[in-house]
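> Generate a structure from the sequence data that follows.
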Amino acid sequence: MIAQFFSLARDDIRSVYERDPAARSTFEIVMTYAGLHAIWGHRIAHWLWHHNAKLLGRWLSHLMRFLTGIEIHPGATIGRRFFIDHGMGVVIGETAVVGENVTLYHGVTLGGTSLEKGKRHPTLEDNVVAGAGAKILGNIVIGAGSRIGANAVVVKPVPPNSVVVGVPGQVVVREKTRPAGLGSDFNHGLLPDTIGTTVQVLVERVEQLERLLERSEAQPALVGSSDRLGADPVSVDRLEKLEDSLAVLMKGHKPLNGNGHIPHEHALPHQREGVWKGEDFAI
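Below you'll find the predicted structure:
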């Protein structure tokens, strides 16, 4: 157990060098990184928890919370090369599962949403990055290689290679999978604005409808129903084309050019079952 602990500790120190440009020396890392102290304390508490010393494990967890500001329940399962940057205010619940190469920033919560016994906290797969203040709640799975934006509130499963932003969290699946060699995704400045993009497209659609209505009002022959137009086949045909164009625009389908249909440059961002596609957003 001691040999394994020191092997894991070496991996932890290397992970700090890889993910924190402020790290200058091993001595500085060992002495001043609260996230490192918290995970080392958790590994001991976790061992006690699973060796019939639950009270002692909880006491050690409580002590590390007092010393570091990071609360990790001794029942939580933590993988290799886990890194908590800054760390203050991080809370990890009893049944949480954290994979390898996972990074959490300060204020992250892996919390439960149920009073029932059993699995009630999230699972973070390998190479997940959770930004400052993110709240990941419930028995859900965050897919490998995903990035949770700062202050996002995640309450539903996240597919691999996704980005989550907003409250509640909007899931955006990347169109192209990140290469495995790139590791975790730390580009916190590249976050899609799903709601803003949708509102912008809707405003453009309303403007197109207004132009279409203005154009129809300028043509008196098209005012009224097809019954009032009589038997004039040209007028009836023009009215039908106008009605088809309006129907297409109102339904949110991409209209066709020609044949009286009014083309537009943007379609509503594609969303299926609560998941957006990365091709619609810069992520």
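> From now on I want contacts and neighbour counts done on CA atoms only, so please keep to that.
Will do.
> so what's K135 scoring on pLDDT?
Here, the pLDDT recorded for K135 equals 95.
> Can you tell me how far it is from I78?
For K135, the distance to I78 equals 18 Å [CA to CA, to the nearest Å].
> Between the two, which has more neighbouring residues?
K135 (26 against 21; other CA atoms under 10 Å).
> residue contacts, the more buried one?
Contacts here follow CA atoms under 8 Å, 6 or more residues apart in numbering; on that basis K135 touches 108-111, 151-154.
> ok, what's across the strand from it?
The bridge-partner assignment for K135, based on DSSP bridges, gives T109, V153.
> where does A134 sit relative to D85, distance-wise?
A134 sits at a distance of 13 Å from D85 (criterion: CA to CA).
> same check, this time on A130
10 Å.
> Identify the contacts common to these two.
Overlap between the neighbourhoods of A130 and D85 consists of 103-105, taking contacts as CA under 8 Å, 6+ apart.
> Output the lengthiest helix in the chain as CSV, restricted to C-alpha atoms.
In terms of residue count, the longest helix belonging to the chain (DSSP state H) is helix 194-217. Once non-C-alpha atoms are left out, helix 194-217 reads as follows in CSV (Å, rounded to 0.1, in the frame of the first residue of the first chain):
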residue,chain,number,x,y,z
THR,A,194,-26.2,28.3,-27.6
ILE,A,195,-29.0,30.6,-26.5
GLY,A,196,-27.4,33.7,-28.0
THR,A,197,-26.9,32.0,-31.3
THR,A,198,-30.5,30.7,-31.3
VAL,A,199,-31.9,34.2,-30.5
GLN,A,200,-29.8,35.7,-33.3
VAL,A,201,-31.1,33.2,-35.8
LEU,A,202,-34.7,33.8,-34.7
VAL,A,203,-34.3,37.6,-35.1
GLU,A,204,-33.0,37.1,-38.6
ARG,A,205,-36.0,34.8,-39.4
VAL,A,206,-38.5,37.4,-38.1
GLU,A,207,-36.9,40.0,-40.3
GLN,A,208,-37.2,37.7,-43.3
LEU,A,209,-40.9,37.1,-42.5
GLU,A,210,-41.5,40.9,-42.2
ARG,A,211,-39.9,41.5,-45.6
LEU,A,212,-42.0,38.7,-47.1
LEU,A,213,-45.2,40.2,-45.6
GLU,A,214,-44.3,43.7,-46.9
ARG,A,215,-43.7,42.2,-50.3
SER,A,216,-47.1,40.5,-50.3
GLU,A,217,-48.9,43.7,-49.1
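> Show the low-confidence segments of this protein, by residue range.
For the chain, applying pLDDT under 70 flags the ranges 1, 174-194, 196, 217-283.
> how does it divide up, domain by domain?
Domain ranges of the chain: 2-182, 194-272, per automatic domain parsing.
> out of the ones you listed, deepest packed?
For these, average neighbour numbers computed from mean count of other CA atoms under 10 Å are highest in domain 2-182, which has a mean of 19.
> so R65 touches E71, yeah?
Yes. Using CA atoms under 8 Å, R65 is in contact with E71, at 4.9 Å.
> which residues do these two both contact?
A shared contact of R65 and E71, defined by CA under 8 Å, 6+ apart, is any residue touching both; here these are A38.
> can you give me the helices for this protein?
In chain order, the chain shows helices spanning 2-19, 26-32, 34-49, 54-68, 194-217, 233-251, with DSSP H as the criterion.
> Just put those in JSON lines and tack on distance to K119.
Rendered in JSON lines, the data for the helices of the chain read as follows (distance: least, CA to CA, whole Å):
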{"stretch": "helix 2-19", "distance to K119": "26"}
{"stretch": "helix 26-32", "distance to K119": "33"}
{"stretch": "helix 34-49", "distance to K119": "17"}
{"stretch": "helix 54-68", "distance to K119": "18"}
{"stretch": "helix 194-217", "distance to K119": "31"}
{"stretch": "helix 233-251", "distance to K119": "42"}
